[in-house]
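> Output the structure for:
(2 chains)
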Amino acid sequence: MAKITKQSENFSKWYTDVILDTDLADYGPVKGTMVVKPYGFALWTNIRDALNKMIEDTGHENAYFPLFIPKSFLEKEAKHVEGFAKECAVVTHSKLIAEDGSLQVDPASKLEEEIIVRPTSETIIWHMFKKWITSYRDLPLKVNQWANVVRWEMRTRLFLRTSEFLWQEGHTAHATKEEAMQETLDIVEVYRTLFEEYLAIPTIIGRKSNLERFAGADETFSIETMMRDKKALQAGTSHYLGTNFGSAFDVKFQSKDNKELPVYATSWGVSTRMVGALIMVHGDDNGLKIPPKIAPIQVVIIPINAKKEKQQEFSDYINNVSDALSSMNIRSKVDDSDGSPGFKFNKWELKGVPIRLEVGLKEFESSQITLCRRDNKEKQQLHVDSLKEVQEILVSIQSNMFNDAKSFMEENTCTAEDFNTFSEILSSDNKFIKTYWDGSDETELKIKDETKATIRCILEDVDDNTKKCIYSNKPAKHLVIFAKAY
RNA sequence: CGGGGUGUAGCGUAGUCCGGUUAGCGCACCUGCUUUGGGAGCAGGGGGUCGCAGGUUCAAAUCCUGCCACCCCGACCA
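Purely as a prediction, here's the structure:
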């Protein structure tokens, strides 16, 4: 385990170092693919389980739809095609021929209709919804699936943008526009809870501009988060799809009073990108910091007894501590591997374990434990009979991490009154800038050209003639957040 | 797809310009001994068709030709 690059030296190198050195993930053999290693997968699983419960508790059911989608499905919704056409993996043949140890595609096996590996599942799901929805009694229909999707991106980065990634995608069908819009907003709140209460990541939530909206949506709401380099990361989205997919797939229902009516849709998702957000929001020069609620290991115990004195009593002492933690449902691990204590301290700090317990002969003789917090590095002594306090300390670490991230975001969010100030702020540093915008694509594009910043989301609409657009000076339509984004 | 660059052990690299011992070094790995409260030390050891295919030469990691792969910067994006 080598020393990792400092954040201040090269943030993206730091990011990659942390992932590889902590065994979260590794590169796959095909460009842009990623192997999620056991430690990373345990972390993902904890996030997934927390979110899955919230999704089920709000009346959604899990299902599974196929990986393969007929090409023609993707053509049915005009904007959807436009958005995804350039990044699809396409299956064209079904056979290989072995020749002298090398494999050739068998031209005779060419498929009648090419198959797309799903970049998202709206099309296949609405194809099925057409079969399932005929009456108002069938609505609302609320399904979710945990799946992998493939988007053939040009530039990839571990967890943030991989060719294949894991996510959940929720898809719902509703009888009215109001109900569908309410669903879209309810999900935004589910995501906010996940980010704030579990990942300890503060969020900014708002609507997407025309240019940033999901391909096929009438309205997209996004969860924006600030990384430690002060760049923005879109960490989740919830879309109000209107009747776009309903009409593209000819889905209608009969109302109570026997009228044929259109069906309104939503879709929403968060992905393994959240792990990337987690790393970049909390991590420091010593590595990861994982919030206790989702940490694969919440407490690591380091026994220190090189000379193996009083071995039996000492190891009983360690086991008692470990058992006490288990009985409180705390996920703990005793690291009794070879290696010096210093090496282990660094290793588990790097891996982001919230609490380390150092237990040596010193502690054993005095019935104490030395506890060290990952979030603020503070050490304290704990009597072996007051291990209950560990639970409270985990809670305190969780909220401390959220508060730190929140103040960091607030300290780096500012306002700008004129475009000169705006450009200057962004040329010297990354920041979130709250400002007014005239609502036009043209202005947004020009600002992006000149500063690389984009509109992360619309915070509120403005109906006040005294507010002017930062760039065009025309009357403002929205208060928005600009930032450079991943 | 445009511009730039790199391929030598699991990782990072020296050597390439100017051809010539057994391809060197660090990390990691294995063995043994001594160590262990913030990344231990010493000794020994294993691991390489120098990206691939041709060519030039007495001799190629090194020169020539072709191919392949990957990385960085841009356009695209959860």
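> looking at it, A:Gly40 is touching A:Leu24, isn't it?
Yes. Assessed by C-beta atoms under 8 Å, A:Gly40 is found in contact with A:Leu24 at 3.5 Å. Bear in mind the C-beta positions are built from the backbone N, C-alpha and C, glycine included.
> contacting residues for A:Phe165?
A:Phe165 makes contact with A:34, A:148-149, A:151, A:271-273 under the criterion C-beta atoms under 8 Å, 6 or more residues apart in numbering.
> In strands, which of those fall?
Judged by DSSP state E, the contacts of A:Phe165 include A:34, A:148-149, A:271 as members of strands.
> RNA strand B next: which of those are close?
Restricting those to those within reach of RNA strand B (C-beta under 7 Å from any atom of the strand) leaves A:Ser271.
> Confidence-wise, which of the ones in strands among the contacts of A:Phe165 comes last?
Lowest in pLDDT among the ones in strands among the contacts of A:Phe165 is A:Met34, which has 87.
> Pull the number of nearby residues for that residue.
23 (other C-beta atoms under 10 Å).
> Kindly report the same for A:Lys406.
When counting by other C-beta under 10 Å, one arrives at 16 neighbours for A:Lys406.
> And A:Ile330, by the same measure?
18.
> repeat for A:Glu392
The number of residues near A:Glu392, taken as other C-beta under 10 Å, comes to 9.
> May I ask which helix or strand encompasses it?
A:Glu392 belongs to helix A:388-411 when assigned by DSSP states H and E.
> picking that back up, are any of the contacts of A:Phe165 buried, and if so which?
The neighbour count (16 or more other C-beta atoms under 10 Å) marks A:34, A:149, A:151, A:271-273 as buried among those.
> Could you tell me how far the residue nearest to A:Leu139 when sequence neighbours are not counted is located from A:Pro140?
Nearest residue to A:Leu139 in three dimensions, chain neighbours excluded: A:Ala175, at 4.7 Å (C-beta to C-beta, 6 or more residues apart in numbering). The gap separating A:Ala175 from A:Pro140 is 7 Å, by C-beta to C-beta, to the nearest Å.
> tally of neighbours for A:Arg155?
7.
> Give me the nearest residue to A:Gly246, chain neighbours excluded.
Excluding the flanking residues, the one nearest A:Gly246 by C-beta to C-beta, 6+ apart is A:Val263, at 4.0 Å.
> Quick check: the most centrally placed residue in chain A vs A:Arg48, distance?
With distances taken as C-alpha atoms, centre = their mean, A:Met274 lies nearest the centre of chain A, 1.8 Å away. In this view, A:Met274 and A:Arg48 are 10 Å apart by C-beta to C-beta.
> Which of the ones in strands among the contacts of A:Phe165 sits closest to RNA strand B?
Nearest to RNA strand B among the ones in strands among the contacts of A:Phe165 is A:Ser271, at 4.4 Å by C-beta to the nearest atom of the strand.
> secondary structure class for the closest residue to the closest one other than its chain neighbours?
Counting by C-beta to C-beta, 6+ apart, A:Trp167 is the residue found nearest to A:Ser271 once chain neighbours are left out, at 3.6 Å. Of the three states, A:Trp167 takes strand according to DSSP: H, G, I helix; E, B strand; the rest coil.
> Kindly report the same for A:Ile279.
helix.
> so who does it touch?
A:Ile279 is in contact with A:15, A:18-19, A:24, A:159, A:288, counting by C-beta under 8 Å, 6+ apart.
> how about 10 Å then?
A:14-15, A:18-19, A:22, A:24, A:43, A:158-160, A:227-228, A:287-290, A:352 (C-beta atoms under 10 Å, 6 or more residues apart in numbering).
> measure it to A:Asp250 for me?
Noted for A:Ile279: a distance of 44 Å to A:Asp250, by C-beta to C-beta.
> next one: A:Tyr191
The gap separating A:Tyr191 from A:Asp250 is 31 Å, by C-beta to C-beta.
> Could you list which residues are in contact with A:Pro29?
Taking C-beta under 10 Å, 6+ apart, we find A:Pro29 in contact with A:Val35.
> Check it and give its pLDDT.
At A:Pro29, the pLDDT value in this model is 73.
> cool, and A:Trp14?
pLDDT for A:Trp14: 87.
> Check whether the one helix or strand A:Glu313 maps to comes near RNA strand B.
Using DSSP H and E, A:Glu313 falls within helix A:311-327. No. In terms of C-beta under 7 Å from any atom of the strand, no part of helix A:311-327 sits within range of RNA strand B; the closest distance is 10.1 Å.
> For A:Gln381, which three-state class applies?
For A:Gln381, the assignment made with three-state DSSP gives strand.
> Wait, it touches A:Ile369, no?
Yes. Using C-beta atoms under 10 Å as the test, A:Gln381 is close enough to A:Ile369 to be in contact (7.3 Å).
> Overlap of the contact sets of these two?
A:Glu363.
> ok, those two, which is more surrounded?
The neighbour count for A:Gln381 versus A:Ile369, taken as other C-beta under 10 Å, is higher for A:Ile369 (22 against 10).
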